[in-house]
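>>> 3D, please:
(chains A and B)
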There are 2 protein chains.
Amino acid sequence: MSKILSSETWDRLRASGARTVALQFPEGLKRRAPETAAVLKEAGYAVVISGDPCYGACDLATDALALADVLIHFGHAPVDDHPGVIYEYVQFDFDPEMATKAIALLDIKRPVGLVTTVQHAHLTDAVVAVLEASGFQVVVGEGNARTPCRGQVLGCSYASARAAGTDQFLYVGTGVFHAIGVGLATGARVVALDPYTGTAEEADSSRLLRRRFAQIEKARQAKTVGILLSTKTGQRREDLARHLASLSPVADIICMQEVSPDSLLNLGYECYVNTACPRLAYDDQVRFPVPVLSPPEYEIVQGVRDWDDYIIDEI
Amino acid sequence: MSKILSSETWDRLRASGARTVALQFPEGLKRRAPETAAVLKEAGYAVVISGDPCYGACDLATDALALADVLIHFGHAPVDDHPGVIYEYVQFDFDPEMATKAIALLDIKRPVGLVTTVQHAHLTDAVVAVLEASGFQVVVGEGNARTPCRGQVLGCSYASARAAGTDQFLYVGTGVFHAIGVGLATGARVVALDPYTGTAEEADSSRLLRRRFAQIEKARQAKTVGILLSTKTGQRREDLARHLASLSPVADIICMQEVSPDSLLNLGYECYVNTACPRLAYDDQVRFPVPVLSPPEYEIVQGVRDWDDYIIDEI
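Next up is the predicted model:
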């Protein structure tokens, strides 16, 4: 990405009549803040930058927006409607031919669903073309309001995978978390392709599930339970938190902005249930001092859900 | 403190007609959350706990209060008026006779000002009596709205010391930061007494000043400057942030809830100016990757304040 801001964003900015612009970057792009601010100031805008940690469009900088006329949120697609927010996608290119590296792991006789994350979604059609040229039938599902790009998945939303309805998927992106999520959400076989290195592997959800089941068992002993309620715009599941708190007299609702190991340790509850970003429980358990369960996992502990109905948490 | 809540707090709670109570504890008291919640639930209240970090009454849990009828804030005196907040002081006792340990460092021929922090303020009169019995004339100054207890100081407010007007002080409390602050704010000599160990020492502000002057010099090279604006209720100095940002074209306002080393590193500015809690710059500089100046220090860098007019930042 050579340009600081897309022409669409400049157009929207001009059309908005804004004089003060708030900027919000995810952690990996925060270093662009000084240069982006300089370009906007050069163009006559006043600028306010959000310095708080940000990992998704579920966490809009409403504090910074309150000091400005519009907020430009970088790097994510919208997960909900919020007035005054302009989303500046940040696209990461790769060579679509990389998809051929995954072909040997896929069954050419059955349709394959294609899923990816927002920063690669602009290359979805190119990857489809490569797979079709190799003889595959490819299905790209429509997402929902939280995943507006075709074939897009989030760590908290796999609607486009369910919509594809295939029993095998190719996930294009780094890491295996999203691929495991697709597997848990659909029951399908998922091949994860790193589009930079060309490494392809079958995503294995069994290790995650074994670790989660161990945490569920550990949580049964807890004499105090903290139900975490996020104050972030797209992670605030208040009704769910109240429902979970109602399942036990020793459960308290704890509202917080950032769920950190230090905060959980200081509060001293023996178990937490996370209604904020689902990845916190799945990805960060090793950093937390006690079990941090997903809402469906806590329902298993409380006996209102069967082991067999284990599902991945989605927002 | 054996009781979970004082009788005054129970009275105010009953009088408020509240049904849902939000609880906020500073880090050192957060472990009391589960037990306090249990007592309130037993008494028929619904409870919401604030899990965010808290270091003072300048940081009221408005998010938690929005989910409840009242907020009980533990451990601090009010720094500003905020509807719906009940302050539950947490008093830490010590033996007032400990004051005799500091006598040898004070000049009995001149009046001595007495200052302390809120958790010891209930023993101020007892300490005055001990000093007077030893032949001292003791002055306890009234504070301001931010320091409602007589003789109380905060890391961001030394009004009660200025009000005392003495040229020597006894500070009763742990650590030396407040004692150094009293010295910088008043120019007086300050003896710091740890009320638990009986250790007394003269507070020396010269080391802090040397370190600060080094940071000021380093900040002169910065090609980008981030002006930190806190979103916390009692730390939000928006006019000051705008004034400071106006002093240089390379300065941007950055709003944030928690000022953390990681956040400052990720943003990549070469210098920051802190309009949030003044202690961040003075106490935590070693944790930060680049100079974090106080507002008066940045005015020195920008040439709108003389070195000789160096003052400690107060809110």
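>>> all helices for the stretch 151-300 of chain A, in order.
A:159-164, A:177-186, A:206-219, A:238-245, A:261-267, A:279-284, A:295-301 (DSSP state H, counting those that start in this stretch).
>>> Can I get stretch A:9-23 as CSV, trimmed to CA atoms?
C-alpha atoms of stretch A:9-23 as CSV (Å, rounded to 0.1, in the frame of the first residue of the first chain):
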residue,chain,number,x,y,z
THR,A,9,-11.8,7.9,1.5
TRP,A,10,-10.7,11.3,0.3
ASP,A,11,-14.1,11.6,-1.5
ARG,A,12,-16.0,10.6,1.6
LEU,A,13,-14.0,12.9,3.8
ARG,A,14,-14.7,15.9,1.5
ALA,A,15,-18.4,15.0,1.2
SER,A,16,-18.7,14.7,5.0
GLY,A,17,-17.8,18.4,5.5
ALA,A,18,-15.6,17.3,8.4
ARG,A,19,-13.0,19.6,9.8
THR,A,20,-11.5,17.4,12.5
VAL,A,21,-10.7,13.8,11.7
ALA,A,22,-10.1,11.0,14.2
LEU,A,23,-7.7,8.2,13.2
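>>> residues from the stretch 1-150 of chain A in reach of chain B?
Residues of the stretch 1-150 of chain A lying close to chain B by CB under 8 Å from any CB of the partner chain are A:27, A:30-31, A:33-34, A:37-38, A:41, A:47-53, A:61, A:63-64, A:67. Yep, even glycine has a C-beta here, placed from its N, CA and C like the rest.
>>> Going through the residues you listed, which ones are buried?
A:30, A:33-34, A:37-38, A:47-53, A:61, A:63-64, A:67 (16 or more other CB atoms under 10 Å in any protein chain shown).
>>> So what sits opposite whatever residue of the stretch 151-300 of chain A ends up closest to chain B in the bridge?
Of all residues in the stretch 151-300 of chain A, A:Met256 sits closest to chain B, at 3.5 Å by CB to the nearest CB. Taking DSSP bridges as the rule, A:Met256 bridges to A:Ser230.
>>> How many neighbouring residues does it have?
For A:Met256, the count of nearby residues is 24 (other CB atoms under 10 Å in any protein chain shown).
>>> A:Ile227 is in contact with that one, correct?
No - the criterion here is CB atoms under 8 Å, and A:Met256 misses it with A:Ile227 at 11.0 Å.
>>> State the mean pLDDT of stretch A:186-198.
Averaging pLDDT along stretch A:186-198 gives 96.
>>> Alpha carbons of that stretch, in PDB - could you do that?
What follows is stretch A:186-198, C-alpha atoms only, in PDB (Å, rounded to 0.1, in the frame of the first residue of the first chain):
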ATOM      1  CA  THR A 186     -19.200 -26.200   9.900                       C
ATOM      2  CA  GLY A 187     -17.900 -29.600  10.700                       C
ATOM      3  CA  ALA A 188     -16.100 -29.600   7.400                       C
ATOM      4  CA  ARG A 189     -12.500 -30.400   6.600                       C
ATOM      5  CA  VAL A 190     -10.400 -27.300   6.200                       C
ATOM      6  CA  VAL A 191      -7.000 -26.700   4.500                       C
ATOM      7  CA  ALA A 192      -5.200 -23.600   5.600                       C
ATOM      8  CA  LEU A 193      -2.900 -21.900   3.100                       C
ATOM      9  CA  ASP A 194      -0.400 -19.200   4.100                       C
ATOM     10  CA  PRO A 195      -0.500 -17.000   1.000                       C
ATOM     11  CA  TYR A 196       3.100 -15.700   1.500                       C
ATOM     12  CA  THR A 197       5.000 -18.900   2.200                       C
ATOM     13  CA  GLY A 198       2.700 -21.200   0.200                       C
END
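>>> just how off-centre is it within its chain?
Stretch A:186-198 has its C-alpha centroid displaced from the chain centroid by 16 Å (CA atoms, centre = their mean, to the nearest Å).
>>> what sits against A:Ile108?
Going by CB atoms under 8 Å, 6 or more residues apart in numbering or on different chains, A:Ile108 touches A:134-136.
>>> Any chance of JSON lines for the residues you listed, columns pLDDT?
Shown next, in JSON lines, are these (pLDDT from 0 to 100):
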{"residue": "A:Ser134", "pLDDT": "96"}
{"residue": "A:Gly135", "pLDDT": "97"}
{"residue": "A:Phe136", "pLDDT": "97"}
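>>> Take those residues and, keeping just the buried ones, write it as a ChimeraX select command.
The ChimeraX selection below is limited to those of the contacts of A:Ile108 classed as buried (16+ other CB under 10 Å):
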select /A:136
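>>> Now intersect the contacts of A:Ile108 with the strands, please.
Among those, DSSP state E puts none in strands.
>>> can you pull out the strands in chain A?
A:20-24, A:46-50, A:70-74, A:85-88, A:112-116, A:138-139, A:168-172, A:189-193, A:200-202, A:225-230, A:251-256, A:271-274, A:292-293.
>>> Relative to B:Phe288, which of these is closest?
Among the strands of chain A, the nearest to B:Phe288 by CB to CB is strand A:46-50 (17.2 Å).
>>> partners of the closest one in the sheet?
strand A:20-24 (parallel), strand B:251-256 (parallel).
>>> ends of stretch A:280-295, how far apart?
Taking CA to CA, to the nearest Å as the measure, stretch A:280-295 stretches 12 Å from start to finish.
>>> how far away is the closest residue to A:Ala38 other than its chain neighbours from B:Phe92?
Closest residue to A:Ala38 apart from its sequence neighbours, by CB to CB, 6 or more residues apart in numbering or on different chains: B:Val250 at 7.8 Å. According to CB to CB, to the nearest Å, B:Val250 stands 46 Å off from B:Phe92.
>>> A:Ala46 now?
From A:Ala46 to B:Phe92 the distance is 46 Å (CB to CB).
>>> the more surrounded of the two?
Using other CB under 10 Å, the more surrounded residue of A:Ala46 and B:Phe92 is A:Ala46, with 19 against 16.
>>> partners of the more buried one in the sheet?
With DSSP bridges as the rule, A:Ala46 is bridged to A:Thr20.
>>> quick one: is the least confident helix or strand in chain A by mean pLDDT near chain B?
Least confident helix or strand of chain A, by mean pLDDT, DSSP states H and E, is helix A:279-284 with a mean of 90. No - no part of helix A:279-284 sits close enough to chain B to count as contact by CB under 8 Å from any CB; the gap is at least 12.8 Å.
>>> per-domain residue ranges of chain A.
Chain A breaks down into these domains under automatic domain parsing: A:7-88, A:96-202, A:206-309.
>>> returning to that earlier point: just send the contacts of A:Ile108 back as a markdown table, with distance to B:Pro289 too.
Shown next, in a markdown table, are those (distance: CB to CB, whole Å):
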| residue | distance to B:Pro289 |
| --- | --- |
| A:Ser134 | 49 |
| A:Gly135 | 53 |
| A:Phe136 | 49 |
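>>> A:Pro261 touches A:Val286, doesn't it?
No - if you go by CB under 8 Å, A:Pro261 and A:Val286 don't touch, sitting 9.6 Å apart.
>>> Specify the beta-bridge partners of the residue nearest to A:Leu105 when sequence neighbours are not counted.
Closest residue to A:Leu105 apart from its sequence neighbours, by CB to CB, 6+ apart: A:Val191 at 4.5 Å. Counting by DSSP bridges, A:Val191 forms beta bridges with A:Leu170, A:Glu202.
>>> Look at A:Val191 and say how many residues are nearby.
Neighbourhood size, A:Val191 [other CB under 10 Å]: 21.
>>> Could you check how far it is from A:Asp309?
To A:Asp309, A:Val191 is 26 Å away according to CB to CB.
>>> All good on my end, thank you.
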